[in-house]
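A.B. asks: Below is the sequence, then the predicted model.
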Amino acid sequence: MDTNAQIVLSNIHIEFTKIMLNPVENIDLYNIEVDALLKKIAVFHKLIAAKKQEVLTPNYNNVDYVV
């Protein structure tokens, strides 16, 4: 996992813990916090998907062809 993905995952963990440990006093604020957490999860998912695509897609730009 690259550094960006690790940072995003760490932020997700912090936000999730903060949401779960605090009592729900204002449902609107709670919904905003959960929505922000879901957006961070989506960013993490995109980072991982991009990394998988990078690994799965061969890079032919630097290949020397022998004819």
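C.D. replies: On my side now, so go ahead. Treat the numbers as computed from the prediction; the structure is a model and nothing was measured.
A.B. asks: can you map out the helices along this protein?
C.D. replies: Secondary structure of the chain (DSSP state H): helices at 3-21, 27-56.
A.B. asks: what distance separates the last one from the middle of the whole chain?
C.D. replies: Centre-to-centre, helix 27-56 and its host chain are 5 Å apart (C-alpha atoms, centre = their mean, to the nearest Å).
A.B. asks: I'd like the helices of the chain laid out as TSV, including mean neighbour count and mean pLDDT.
C.D. replies: C-betas here are computed from N, CA, C, even on glycine. Below are the helices of the chain laid out as TSV (neighbours: other C-beta atoms under 10 Å; pLDDT from 0 to 100):
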stretch	mean neighbour count	mean pLDDT
helix 3-21	13	85
helix 27-56	12	83
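A.B. asks: Just want the most central residue of this structure.
C.D. replies: The chain has residue 44 as the residue nearest its centroid, 0.9 Å off, counting by C-alpha atoms, centre = their mean.
A.B. asks: Could you list which residues are in contact with it?
C.D. replies: By C-beta atoms under 8 Å, 6 or more residues apart in numbering, residue 44 lies in contact with 5, 8, 9, 12.
A.B. asks: Make a markdown table out of these and add distance to residue 20.
C.D. replies: Output for the contacts of residue 44, formatted as a markdown table (distance: C-beta to C-beta, whole Å):
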| residue | distance to residue 20 |
| --- | --- |
| 5 | 22 |
| 8 | 18 |
| 9 | 16 |
| 12 | 12 |
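A.B. asks: Taking those residues, tell me the two that lie furthest apart.
C.D. replies: 5 and 12 (10.4 Å; C-beta to C-beta).
A.B. asks: contacting residues around residue 2?
C.D. replies: With C-beta under 8 Å, 6+ apart, residue 2 has these contacts: 47, 51.
A.B. asks: Look up how far residue 22 lies from it.
C.D. replies: Distance of residue 2 to residue 22, given as C-beta to C-beta, to the nearest Å: 31 Å.
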